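Visitor: Below: sequence and its predicted model.
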Amino acid sequence: MLDTFEILTTSGVVLWSRTYAPVSPTIINHFITDVFIEEKAASAGAKDNQPTASNAPYKYDQHTLKWTFVKELGVIFVAVYRSLLHLSWIDKLVDNLKTIFIDLYGDQLKKPNTTLVHCHKFDEYFDQQYQELESKGTAKGAQAVDTPFQFEEGAVSGNLGDEPPLPLGLKQRTKPNATVKDASPPPEPTSIGTPNTSRPSTPGGNHLVVGKGGPMTRMSRKARKMQHGHSAPASSGDEAPSRKGKKAPKKGRRWDADGFADEDDDVQLDYSVTQNTLTSDSEVEAAGRSTAVEGVDSTSWGTTTSKGQFVLKDLGDEVHSILKSAEEKNATSGATPRGGLVGSGLSTIGGLFRNVVGGKTLTKDDLDKAMKGMEDHLLKKNVAREAAIRLCEGVEKELLGVRTGSFESINARIAKAMEASLTKMLTPTSSLDLLREIDAVTRPSATSMRKRRPYVMSIVGVNGVGKSTNLSKICFFLLQNKYKVLIAAGDTFRSGAVEQLKVHVRNLKELTEREGGKVEIFEKGYGGDAATVAKDAVREAANEGYDVVLIDTAGRRHNDQRLMSSLEKFAKFAQPDKILMVGEALVGTDSVAQARNFNSSFGPGRHLDGFIISKCDTVGDMVGTLVSIVHATNVPVLFVGVGQHYSDIRNFSVKWAVEKLLSNN
Amino acid sequence: MSSSPPIIEHLKDALEYIFTPSAPVITIGLLIVFIVPILVHLFITRQTPYTSLPYILLAGPAGGGKTSLLTLLERGDAPAETHTSQTPHAVELTVSLDAGASTFREAAREDAPGSHKKFYLIDTPGHGKLRGAAMAQISKTGKTSQTQFGDSAMLRGVIYVLDAATLDDSLADVATYLYHILLALQKRTGSGRTSRSPNAVHVLIAANKLDLFTALPAVLVRSNLEAELGRIRQSRSKGLLDSGVGTDEIGSEEQDSWLGEYGSEKFTFAQMREFDIEVDVISGSIQEGNVDKWWDWISSRI
């Protein structure tokens, strides 16, 4: 069921984990990268202390991750399970464990300069919660079963028919210790696969039924564990917290020593027998009922049997009291008015004082007004509203409950946080060195088996943003570095487009004669298919020994489906190494839609590789378009155009952009 | 109305009492005068913990094993399981000066023999978007001198942890980050020329994961990195200017952004000596606990 549960800090250390089925660590790494660092996921961003249910589950490689995050302590709680399963109780489990863990080890987490948290005891708490919630979920599941279950009943009974169900089950249970311990890694597809995949709508119930009657030998370790959980549902509440190793022999002993005379075992046997004889719906209902009945029973006899169970029951109580007090705290904290008139007066004065001196703990009220100002500031800088709101929300979340430094005002703190936030957003994930990439393709090292081929770059964008101009600027830069460049006139639509490129090529030839670069134009006139022209150009470049192919394309409106659809074919035919989109700094809110539409127009698995922001010299400080497009696509900005000359193209510097965005004039 | 005259009378009396010189008034006044500044001072110093412990920075691309190394050195027996870090984290460690506890395993114990010296080991996230944290610790520009973990003048060394097993594929990224760190260190040395030069900062390139079959030995790691750094340096010099650079500062920027000996054909780590930066490449394996050489390196820097 549950594959892994992990508790880790934002600094990357796993504080506590429990693994039922080995899960590759890359899954959680991807989860952290996508959700927390790059904020790609739909509900991205580190939301503080939200219940698990409101954090969208993260899905990766057939696994689903449910998570919650405590910002104050920097702790993330993650549960990983197979996406095929539908486990309704996981949310509750994660939330409860969060509450318990924070309650028990919160002090240790606050200690600076150490990564050590002693939480070995948490095993017991986890087991207790796991068993409790799981059995609850099972009971619920069994009662809520409907039609799909009926269909599966045949398979189950067939299963039962194979071997004598009860004796074998008994035999297995007499020595469960050995089997549990020695069980080799479970043969997933055969054993777990069948019960789970076939009945996704009955999470717990199916295990219950199969576990009861099914032949134990053919079950995986996980399933067997499940069965142990259910074989004595009555004891689940009490036995749960004991360790795996301890639990098994205890169960065995009861079956062995007490035998059939024991009261509990009678119940057990009755239960399974009825279940075997009953069919479909009624059986399931009975199962559900019997579980419920036993669940009630357990409280009465659990305390009387042995010492060990006595202690365990206390643990359950402790857990419940922790959860209850946390709940109460939540309930009260929402609507507690601050003390009397004197108290509020003092706190206001203290607040004002701290506002100047610093050391003030920021609350939502403090932040709201200041954040509004920051949002307006960003909007003035031509950041699209959507992006501005996202940035401000992120910063507000980050700052809630934070103490300002000494002699630091709220606004200064917000500016600092916004700077960090903008830097994080604009910084590309990987390095962007065009020349090195070109070298890697055109002059592959002898050790790599790749063949030499030209590096293909294409440029797309809306009409009139400066595609051809920026193409020739890049061409000029490449020529200065002594590359042989072929320019393909892919704009076969607008009259004059080919001639315009010819003029550029003539100029560039003259300019770079001394430098040693070589540039030619590849054109097929007007009216042809742009994708075919591009393909031919790449072939020609490969034959003639060019280093780089630059493909110009026709400008197109981003919301015109007919024009955009041809881009997919283009990407397939030309196979560009880099697709760059030119966006102008002048455009406002529309930049978000432009970037999004272009980014998704190249078919599955292909998207933009970078942006060129043109006309940056015309907007002064208002470079908000940069933020808008990066916000919309997570694609980095490569170049910015800063003038009319061939040399007026610059590498994008994050520091420069952030300074401009936050400057006050 | 009737009650106001007595109140005013009382106030008058009180004022008169305060302004008349007398022993209790003077003592209380003196107490206030002396104690209030002390309290304010205590209040403020408590807010900003004054730390002057030397520190060593862990940097490197994601997945290299920085956090693992941190936990291994702290725990002494085995590294904790780790995932991608999002925040920097400092850990206080102890080295002993004499040969009492020569390995980190002994030093991690409470009762380690010999005399001790404490230092911080600072783990930084290696993800591309979060490398600013490490760079901020290194660079010393104006107000950011007081960084999150103390004065950047206390920086003693940088351990650049990389995955030697996958270096072939990730060489470009690994070298780019290293390039930025070395350049920042070089500028740091350069910037201190006017006043006293900052203490030398050395770099240890820790080629981790030697236990894996595909891991490159230290010699190869060194030569690969040197070659790649040379290429980066070359293409940087030919590349476009950054958007932030104005036309007037082009000339001055040129000299500074060249890593190593200016105009040299090939880059070698030895060129960094000119800037008081020693670069060592030592391989090891965190998984096998084979980090004693790195620990020796740390001990010699503190």
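Guide: The structure has been received and is ready for your questions. Numbering: from 1, shown residues only, chains lettered A, B, ... in the order given.

Visitor: burial of residue A:361, as a residue count?
Guide: Using other C-beta atoms under 10 Å in any protein chain shown, the number of residues around residue A:361 comes to 12. C-beta coordinates here come from the backbone N, C-alpha and C atoms, glycine included.

Visitor: Please report how far it lies from chain B.
Guide: 12 Å (C-beta to the nearest C-beta, to the nearest Å).

Visitor: same question, residue A:455
Guide: On the measure of C-beta to the nearest C-beta, residue A:455 and chain B end up 14 Å apart.

Visitor: Kindly state the beta-bridge partners for that residue.
Guide: residue A:548 (DSSP bridges).

Visitor: residues in contact with it?
Guide: With contacts defined as C-beta atoms under 8 Å, 6 or more residues apart in numbering or on different chains, the neighbours of residue A:455 are A:437, A:438, A:441, A:442, A:547, A:548, A:549, A:577, A:578.

Visitor: for the fourth one, what are its contacts?
Guide: Think residue A:442. Counting by C-beta under 8 Å, 6+ apart, the residues that residue A:442 touches are A:452, A:453, A:454, A:455, A:483, A:547, A:548.

Visitor: Tell me the one of those residues nearest chain B?
Guide: Nearest to chain B among the contacts of residue A:442: residue A:483, at 10.7 Å, using C-beta to the nearest C-beta.

Visitor: doesn't residue A:547 make contact with the closest one?
Guide: Yes: Residue A:483 is within contact range of residue A:547, at 4.2 Å (criterion: C-beta atoms under 8 Å).

Visitor: which residues are common contacts for the two?
Guide: A:438, A:442.

Visitor: Pipe the contacts of residue A:442 into JSON lines and attach pLDDT per row.
Guide: Below are these laid out as JSON lines (pLDDT from 0 to 100):
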{"residue": "A:452", "pLDDT": "85"}
{"residue": "A:453", "pLDDT": "88"}
{"residue": "A:454", "pLDDT": "91"}
{"residue": "A:455", "pLDDT": "93"}
{"residue": "A:483", "pLDDT": "89"}
{"residue": "A:547", "pLDDT": "91"}
{"residue": "A:548", "pLDDT": "92"}
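
Visitor: which one of those residues is nearest residue A:607?
Guide: Nearest to residue A:607 among the contacts of residue A:442, counting by C-beta to C-beta, is residue A:455 at 18.6 Å.

Visitor: now the closest one: how far from residue A:347?
Guide: From residue A:455 across to residue A:347, the span is 64 Å (C-beta to C-beta, to the nearest Å).

Visitor: just residue A:436 next, same as before
Guide: Distance from residue A:436 to residue A:347, by C-beta to C-beta: 58 Å.

Visitor: Which of those two has more residues huddled nearby?
Guide: More neighbours surround residue A:436 than the other of residue A:436 and residue A:347, with 20 against 13 (other C-beta under 10 Å).

Visitor: quick one: contacts for the closest residue to residue B:87 other than its chain neighbours?
Guide: Among residues not flanking residue B:87 along the chain, residue A:10 sits closest, at 4.5 Å (C-beta to C-beta, 6 or more residues apart in numbering or on different chains). Counting by C-beta under 8 Å, 6+ apart, residue A:10 touches A:36, A:74, A:75, A:76, B:85, B:86, B:87.

Visitor: How about residue B:223?
Guide: Taking C-beta under 8 Å, 6+ apart, one finds nothing in contact with residue B:223.

Visitor: just to revisit the earlier point, pull out the buried residues from the contacts of residue A:455.
Guide: The neighbour-count test (16 or more other C-beta atoms under 10 Å in any protein chain shown) marks A:437, A:438, A:441, A:442, A:547, A:548, A:549, A:577, A:578 as buried among the contacts of residue A:455.

Visitor: The third one touches residue A:577, doesn't it?
Guide: Yes: with contacts counted by C-beta under 8 Å, residue A:441 reaches residue A:577, the gap being 6.5 Å.

Visitor: so is the closest residue to residue A:105 other than its chain neighbours in a helix, a strand, or just coil?
Guide: Excluding the flanking residues, the one nearest residue A:105 by C-beta to C-beta, 6+ apart is residue A:119, at 5.2 Å. Counting by DSSP: H, G, I helix; E, B strand; the rest coil, the backbone at residue A:119 sits in coil.

Visitor: My understanding was that residue A:119 contacts residue A:107; is that so?
Guide: No: using C-beta under 8 Å, residue A:119 is not in contact with residue A:107, being 11.7 Å away.

Visitor: Counting neighbours, go ahead and name the busier of those two.
Guide: residue A:119 (17 against 10).

Visitor: so residue A:601 sits in a strand?
Guide: No: using three-state DSSP, the assignment for residue A:601 is coil, not a strand.

Visitor: which SSE is the residue lying closest to residue A:631 once chain neighbours are set aside in?
Guide: Spatial nearest neighbour of residue A:631, excluding adjacent residues (C-beta to C-beta, 6+ apart): residue A:387 at 3.8 Å. Following DSSP states H and E, one finds residue A:387 within helix A:385-399.

Visitor: Repeat that for residue A:515.
Guide: Applying DSSP H and E, one finds residue A:515 in no helix or strand.

Visitor: Would you confirm that it contacts residue A:483?
Guide: No: the pair residue A:515 / residue A:483 is not scored as a contact, 10.2 Å apart, by C-beta under 8 Å.

Visitor: The two: which is more packed in?
Guide: The neighbour comparison of residue A:515 against residue A:483 (other C-beta under 10 Å) goes to residue A:483, with 22 against 12.

Visitor: Now for that one: which residues touch it?
Guide: By C-beta under 8 Å, 6+ apart, the neighbours of residue A:483 are A:438, A:442, A:517, A:547, A:548.

Visitor: Mind doing that once more with 6 Å?
Guide: A:547, A:548 (C-beta atoms under 6 Å, 6 or more residues apart in numbering or on different chains).

Visitor: What of the one 5 residues further on?
Guide: For residue A:488, the contacting residues are A:522, A:534, A:537, A:551, taking C-beta under 6 Å, 6+ apart as the criterion.

Visitor: Among those residues, which are located in helices?
Guide: A:534, A:537 (DSSP state H).

Visitor: measure the closest residue in space to residue A:383 that isn't next to it in sequence to residue A:585 for me?
Guide: Residue nearest to residue A:383 in three dimensions, not counting chain neighbours: residue A:624, with 3.4 Å by C-beta to C-beta, 6+ apart. With the distance defined as C-beta to C-beta, residue A:624 ends up 8 Å from residue A:585.

Visitor: Equivalent analysis for residue A:99, please.
Guide: Distance from residue A:99 to residue A:585, counting by C-beta to C-beta: 49 Å.

Visitor: hey, where'd the strands end up in the stretch 1-150 of chain A?
Guide: Ranges of strands in the stretch 1-150 of chain A, per DSSP state E, counting those that start in this stretch, are A:2-9, A:14-19, A:58-60, A:63-70, A:75-82.

Visitor: same deal with chain A?
Guide: With DSSP state E, the ranges of strands along chain A come out as A:2-9, A:14-19, A:58-60, A:63-70, A:75-82, A:455-461, A:484-490, A:518-522, A:548-553, A:578-584, A:610-614, A:637-641, A:649-651.

Visitor: Mind giving me the packing neighbours of the helix holding residue A:387?
Guide: Judged by 3 or more C-beta pairs under 6 Å, 6 or more residues apart in numbering or on different chains; DSSP states H and E, helix A:385-399 is in contact with helix A:364-380, helix A:410-426, helix A:624-633.

Visitor: Kind regards, and thank you for your time.
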